[in-house]
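**Q** sequence first, then the predicted structure:
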Amino acid sequence: MVTTTTAETHYDVVVVGGGPGGYATALYASSAGLSVALVERDKVGGTCLHRGCIPAKEFLETASVFRSVSRARDYGVNSSVQEVDFSVSQARKNTVVEQLFKGLSGLLVGRKVTVIGGIATLYPGKLVKVTRGADAGVEIVGRNIVLAPGSIPRTLPGLDVDGRIVLTSDEFLDMNSVPESAAVVGGGAIGCEFASLLCDLGTNVTILEALPALLSGCDRDVTAVVTRSFKKRGMEIATSVEVRGHQPIEGGRGTVVHFGDGESREVDKIVVSVGRRPRTEGLLASDTGVTVDERGFVITDAYQQTHAEGVWAVGDVVAGTPQLAHVGFAEAIVAVKGILGEPVLPVDYEKIPWAIYCHPEVAFAGLTEDAATERGYDIVTMKDPFGGNSRARIIGETEGMVKVVAERAPDGSTGRILGVHMVGPWVTEQLGAGYLALNWEATPADVAQFIQPHPTLSETFGETMLALTGRGLHIG
């Protein structure tokens with residue numbers, strides 16, 4: 001923790017929590033000339049940097065490198081790989097995280113943000129008291145308060161986390177070796193990422209999902225590609241099943257997980273990936289005026305304002321929003337602009353870009369085909385597989401597609417874009433153009449005029465748009 005406390009007790013903005021939403025608030029507010037204090041219980045960067053996004057993607061990169069080396073002979077490179085030393089990947093992850101942490105800490109210092117170490121509680125009068133930390137006992141007042149305490153992993157009854165057999169993302173990302181077998185409980189974005197990297201590194205993986213399909217919220221064609229790929233790689237997938245607990249093997253190293261209608265699997269590890277809950281215990285004293293729902297989330301309006309005047313909330317703690325780091329960034333800007341009294345558009349959660357780093361990767365923004373139909377839109381869809389893309393053939397990654405959902409115009413032509421859905425190689429780096437087109441309410445005819453460089457993976461996006469105009473070069 002970098003603590004830069006001063007004798008100041010009053011600030012324009014006091015931020016509670018130093019994760020993506022919190023530090024983005026602090027940096028954006030300080031760049032606007034506001035005096036800012038940030039209270040963080042652990043290290044600035046929060047879950048995303050230390051126990052979430054960044055560590056997970058480092059391990060997924062290890063899996064990607066392993067896949068590449070494993071098929072090096074296909075490219076005439078005579079190299080072989082026998083195993084992965086996961087302790088080396090763990091050490092590299094720690095180095096990457098530490099470098100980013102130091103950079104962020106230095107940035108906060110450079111912006112003259114006062115960073116205070118400890119657990120914060122908000123009292124009436126916008127008073128923040130700090131306890132149980134390096135700066136316990138500090139009391140500060142903010143003209144505005146921004147709540148950004150983040151979240152922690154959820155668990156399930158019968159799956160008490162012990163850090164040895166039953167793990168959440170926190171413990172999983174501290175592993176120094178890869179288990180021979182694992183049950184991943186939860187087939188959402190995080191669960192699929194963990195399952196994918198474990199499988200790539202040689203673990204026998206079983207995914208247990210309570211819903212009827214993996215990746216709830218994704219377009220069904222995208223989900224079908226991921227499910228088919230996972231099964232082809234040897235993963236066992238059980239959907240519409242309830243996990244009923246587990247029984248450790250006496251004298252053994254693993255456990256037996258029970259699920260569904262009397263089914264069970266013997267595994268070394270159980271990775272619980274069933275979402276996250278808000279970290280609001282002890283956050284609010286009585287009579288602050290801030291409203292919390294029955295699940296512990298803070299209720300705000302579209303502009304991040306709580307029911308208490310001058311108190312705002314951003315990030316994972318906000319009710320009814322995606323728990324994504326970049327959503328926290330966007331909400332931070334909305335909150336600070338509101339504090340400054342500047343014109344601002346609220347975050348449009350229906351058009352948030354999503355990036356899922358399993359193999360194959362998934363990226364999307366906007367409405368799925370089913371959601372658009374349920375809303376009553378008369379729609380047109382187009383899909384273009386990566387199998388016809390020259391760059392995909394070159395890199396040997398032809399699995400996947402680009403799918404665009406658009407509204408049908410009154411004259412029968414294709415109207416505005418409603419959703420862009422991608423699954424395949426490096427699609428997390430390709431969604432930007434689709435996200436911009438969606439938010440600008442562009443039509444495929446608008447987008448099709450832009451030239452895609454050749455040979456690139458992005459040509460598949462361009463070709464899909466061109467085909468929606470009725471004059472595709474390779475499809476349509």
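**A** Done, it's in. These figures come from a predicted structure and were not determined experimentally.
**Q** now do the helices in this structure.
**A** All helices of the chain, identified by DSSP state H, fall at 20-31, 46-51, 53-70, 86-110, 169-172, 189-200, 220-232, 325-340, 369-374, 390-395, 431-439, 444-448, 459-468.
**Q** flag every buried residue along the fourth one.
**A** Taking 16 or more other Cβ atoms under 10 Å as the basis for neighbour counts, the residues of helix 86-110 that come out buried are Phe86, Ser89, Gln90, Lys93, Val96, Val97, Phe101, Leu104, Ser105, Leu108. Any C-beta I mention is one placed from the backbone N, CA and C, and that applies to glycine too.
**Q** give the contact list for the closest residue to Tyr303 other than its chain neighbours.
**A** Nearest residue to Tyr303, sequence neighbours excluded (Cβ to Cβ, 6 or more residues apart in numbering): Gly338, at 5.0 Å. Neighbouring residues of Gly338 by Cβ atoms under 8 Å, 6 or more residues apart in numbering: Tyr303, Gln304, Gln305, Trp312, Val344.
**Q** go on, Val334?
**A** Val334 sits next to Tyr303, Gln304, Val314, Val344, Leu345, Pro346, Val347 when contact means Cβ under 8 Å, 6+ apart.
**Q** quick revisit: let's have the helices of the chain in a markdown table, adding mean pLDDT and distance to Arg132.
**A** Listed next are the helices of the chain as a markdown table, based on pLDDT from 0 to 100; distance: least, Cβ to Cβ, whole Å:
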| stretch | mean pLDDT | distance to Arg132 |
| --- | --- | --- |
| helix 20-31 | 98 | 18 |
| helix 46-51 | 94 | 17 |
| helix 53-70 | 94 | 25 |
| helix 86-110 | 96 | 21 |
| helix 169-172 | 94 | 19 |
| helix 189-200 | 97 | 29 |
| helix 220-232 | 98 | 42 |
| helix 325-340 | 98 | 24 |
| helix 369-374 | 97 | 44 |
| helix 390-395 | 97 | 50 |
| helix 431-439 | 96 | 41 |
| helix 444-448 | 95 | 53 |
| helix 459-468 | 95 | 50 |
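**Q** residue nearest the centroid of this structure?
**A** Geometric centre of the chain, nearest residue: Leu324, 4.4 Å, by Cα atoms, centre = their mean.
**Q** can you give me the distance of that one to Pro20?
**A** Using Cβ to Cβ, to the nearest Å, Leu324 is found at 9 Å from Pro20.
**Q** what of Val225?
**A** For Val225 relative to Pro20 (Cβ to Cβ), the value is 29 Å.
**Q** which of the two has more neighbours?
**A** Under the criterion of other Cβ atoms under 10 Å, the comparison of Val225 against Pro20 puts Pro20 first, with 28 against 22.
**Q** surely the more buried one touches Glu331?
**A** No: with contacts counted by Cβ atoms under 8 Å, Pro20 stays clear of Glu331, the gap being 9.5 Å.
**Q** joint contacts of the two?
**A** What both Pro20 and Glu331 touch, as defined by Cβ under 8 Å, 6+ apart, is the set Gly315.
**Q** domain ranges for this structure?
**A** Per automatic domain parsing, the structural domains of the chain span 10-153+278-349, 166-274, 360-468.
**Q** dump the ones you listed to a markdown table, plus distance to Ile475.
**A** Formatted as a markdown table, the domains of the chain follow (distance: least, Cβ to Cβ, whole Å):
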| stretch | distance to Ile475 |
| --- | --- |
| domain 10-153+278-349 | 27 |
| domain 166-274 | 15 |
| domain 360-468 | 5 |
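**Q** Ser240: neighbour count?
**A** By other Cβ under 10 Å, neighbour count at Ser240 equals 10.
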